[in-house]
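K.L.:
Using only what follows, build the 3D model:
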Amino acid sequence: MSATPAPRAALAWWGATACWFLGTLAGRLTGSATAITGAVPLPVAVLLFAVCAGLWALLVHGVHRGVKGARVALGIAGALGIVDLVVQLVGDAVTGNAVHGGFFLAALALSGAGFVLMFRPR
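P.N.:
Presented below is the predicted three-dimensional model:
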């Protein structure tokens, strides 16, 4: 894999990051937070969500600029993130949380698009 920019993949990943942030925040605000996110006060949780989303967006920016090794790092982290999104979507289907699930479904679709655009041959 070369260190070439992937601007369209970056847009998909940034969209997935925004959907994840909004979905996680919506889950926290609607009271369907996990045991970990429910244990901290709301301002701290929002700050932690923003830091995680910012770090993810920074990694995506590395792919956008063509930084060597950023694609591989994003590929590994993105695969783990997709697994987490699927697990959370199953939980949302069981509990019937449509708002949280809707944002996470959009994040899953955009993450898939990011993978396809990032690793497709040019």
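K.L.:
max-length helix in the chain?
P.N.:
Ranked by number of residues, the top helix in the chain under DSSP state H is helix 70-95.
K.L.:
And residue 12, how far from residue 23?
P.N.:
16 Å (C-beta to C-beta, to the nearest Å). Every residue, glycine included, has its C-beta placed from N, CA and C.
K.L.:
For those two, indicate the residue with more neighbours.
P.N.:
When residue 12 and residue 23 are compared for neighbours, residue 23 comes out ahead with 25 against 21, by other C-beta atoms under 10 Å.
K.L.:
was I right about the more buried one contacting residue 108?
P.N.:
No. Between residue 23 and residue 108 there is no contact under C-beta atoms under 8 Å: 10.1 Å.
K.L.:
host element of the nearest residue to residue 86 once chain neighbours are set aside?
P.N.:
Leaving aside its chain neighbours, residue 86 sits nearest to residue 108 (7.0 Å; criterion: C-beta to C-beta, 6 or more residues apart in numbering). Taking DSSP states H and E as the definition, residue 108 sits inside helix 98-119.
K.L.:
packing partners for that helix?
P.N.:
helix 7-29, helix 70-95 (3 or more C-beta pairs under 8 Å, 6 or more residues apart in numbering; DSSP states H and E).
K.L.:
For the last one, buried residues please.
P.N.:
Buried residues in helix 70-95, defined by neighbour count with 16 or more other C-beta atoms under 10 Å: 70, 71, 74, 75, 78, 81, 82, 85, 88, 89, 91, 92.
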